[in-house]
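Visitor: Quick one: sequence plus predicted model below, questions after.
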There are 2 protein chains.
Amino acid sequence: MLKLTKKADYGLIALKYLAEHPEIAAVSAKDIADSYGIPAQLLAKILQQLTKSGLLKSHAGMNGGYALARDAREISAYEVIHSIDGPFFITSCTKGSKSCELTPNCTIKEPLARVNETIAGVLRSISIQDLAEHEHPAVASTASPLVSLTH
Amino acid sequence: MLKLTKKADYGLIALKYLAEHPEIAAVSAKDIADSYGIPAQLLAKILQQLTKSGLLKSHAGMNGGYALARDAREISAYEVIHSIDGPFFITSCTKGSKSCELTPNCTIKEPLARVNETIAGVLRSISIQDLAEHEHPAVASTASPLVSLTH
DNA sequence: TGAAACCCGGACGGATTTGGTCGTATACTG
DNA sequence: CAGTATACGACCAAATCCGTCCGGGTTTCA
């Protein structure tokens, strides 16, 4: 259904939280989990994954926790989602190098791959900082021609 | 992981097939299924759903089958996906009217809802006809600022 | 030195979603 | 009436996803 997993949601929420509290040197997974009612152990694993991907820095021990590895402006939503949910493709049969095992003439994939690239571009253009500054900005323009399929 | 279901894929493939063969008055589900190695009964149900949504017209009996209800130019990928997979939302906790039961201050949703709208706009701008004309057009430009989150 | 607070990460079970099949009823054609 | 096709509900198997449990390390601090 073209939606993120809860893990990715949790990850974005957590990073947003960190971006909003730059004064705290390190925030524990439990603190964030409690703030939002997220299962603590689950969030812990998500943050571990984000650390492995280089988006966060962790610090063990008392008063330890996590902190953004880079400026919030330089962490994109794409990176977060990609780190947690893995590489995403609109087309369901895109695995490995083979395009389509069962359906050889699956020509639908090629145009959709470009849609996929567009979506990825949108997500890449959104930083954690953008998520943290959440007044009520103008509605995004969706009418512009985003993809040129017909050349 | 932000991908379509196989059902939606199958639906798009089938509609593309119909768009490519306008000379045939009605194509049976089995014919399309055999052409692509798709399970026939599964595809049948998908086409039934698309018929219920008004994208296809069905005709029972010998030499029956399915045909596009409108011009291929006026059926968008969005409609197909929406008909099969239901309304899609990037955010995982968007159900019903309640925004977020467990996490009241789930402010991440609002920016992502706009991303969602952008993606929907992209899919709305792509017609079945576009899918059928599948030469190798220029790569879509992904560098343009697609969403303005910060106002 | 040792306990508390924290990160790390594998293993596991339950819930949900998906993908696909089966069987039957119904509609149309010739 | 026989054959072909859609319509539709019930059902099952497989794959994810969500969340928990548990046994490790590591750092801080009294």
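Guide: Yep, it's here.

Visitor: contacting residues for A:Asp34?
Guide: The neighbours of A:Asp34, taking Cβ atoms under 8 Å, 6 or more residues apart in numbering or on different chains as the test, are A:Ala40. From N, CA and C alone the C-beta is placed, and that goes for glycine too.

Visitor: is the host helix or strand of it up against DNA strand C anywhere?
Guide: Under the criterion of DSSP states H and E, A:Asp34 resides in helix A:29-36. Yes. On the criterion Cβ under 7 Å from any atom of the strand, helix A:29-36 is in touch with DNA strand C at A:Ala29, A:Lys30, A:Asp31.

Visitor: Then stretch A:20-28?
Guide: Yes. If you take Cβ under 7 Å from any atom of the strand as the test, stretch A:20-28 does meet DNA strand C, through A:Ser28.

Visitor: where does the closest residue to DNA strand D within chain A land in three-state SS?
Guide: Nearest to DNA strand D, among the residues of chain A, is A:Gly61, at 2.4 Å (Cβ to the nearest atom of the strand). Three-state call for A:Gly61 (DSSP: H, G, I helix; E, B strand; the rest coil): coil.

Visitor: Burial check on it, number of neighbours?
Guide: Neighbour count of A:Gly61, defined by other Cβ atoms under 10 Å in any protein chain shown: 7.

Visitor: from the chain's centre, how far out does stretch A:23-40 sit?
Guide: The gap between where stretch A:23-40 is centred and where its chain is centred comes out at 18 Å by Cα atoms, centre = their mean, to the nearest Å.

Visitor: Alpha carbons only: can I get that stretch in PDB?
Guide: Coordinates of each C-alpha in stretch A:23-40 appear next as PDB, following Å, rounded to 0.1, in the frame of the first residue of the first chain:
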ATOM      1  CA  GLU A  23      21.100  21.200  23.800                       C
ATOM      2  CA  ILE A  24      21.100  17.700  25.200                       C
ATOM      3  CA  ALA A  25      24.400  16.000  24.500                       C
ATOM      4  CA  ALA A  26      22.900  12.500  24.400                       C
ATOM      5  CA  VAL A  27      19.400  11.300  24.600                       C
ATOM      6  CA  SER A  28      18.600   7.700  25.600                       C
ATOM      7  CA  ALA A  29      16.400   5.500  23.600                       C
ATOM      8  CA  LYS A  30      14.100   5.100  26.600                       C
ATOM      9  CA  ASP A  31      13.600   8.800  26.900                       C
ATOM     10  CA  ILE A  32      12.400   9.200  23.400                       C
ATOM     11  CA  ALA A  33      10.300   6.100  23.600                       C
ATOM     12  CA  ASP A  34       8.600   7.300  26.700                       C
ATOM     13  CA  SER A  35       7.900  10.700  25.200                       C
ATOM     14  CA  TYR A  36       6.000   9.200  22.300                       C
ATOM     15  CA  GLY A  37       4.700   6.000  23.700                       C
ATOM     16  CA  ILE A  38       6.900   3.900  21.400                       C
ATOM     17  CA  PRO A  39       8.000   0.500  22.600                       C
ATOM     18  CA  ALA A  40      11.400   1.200  24.100                       C
END
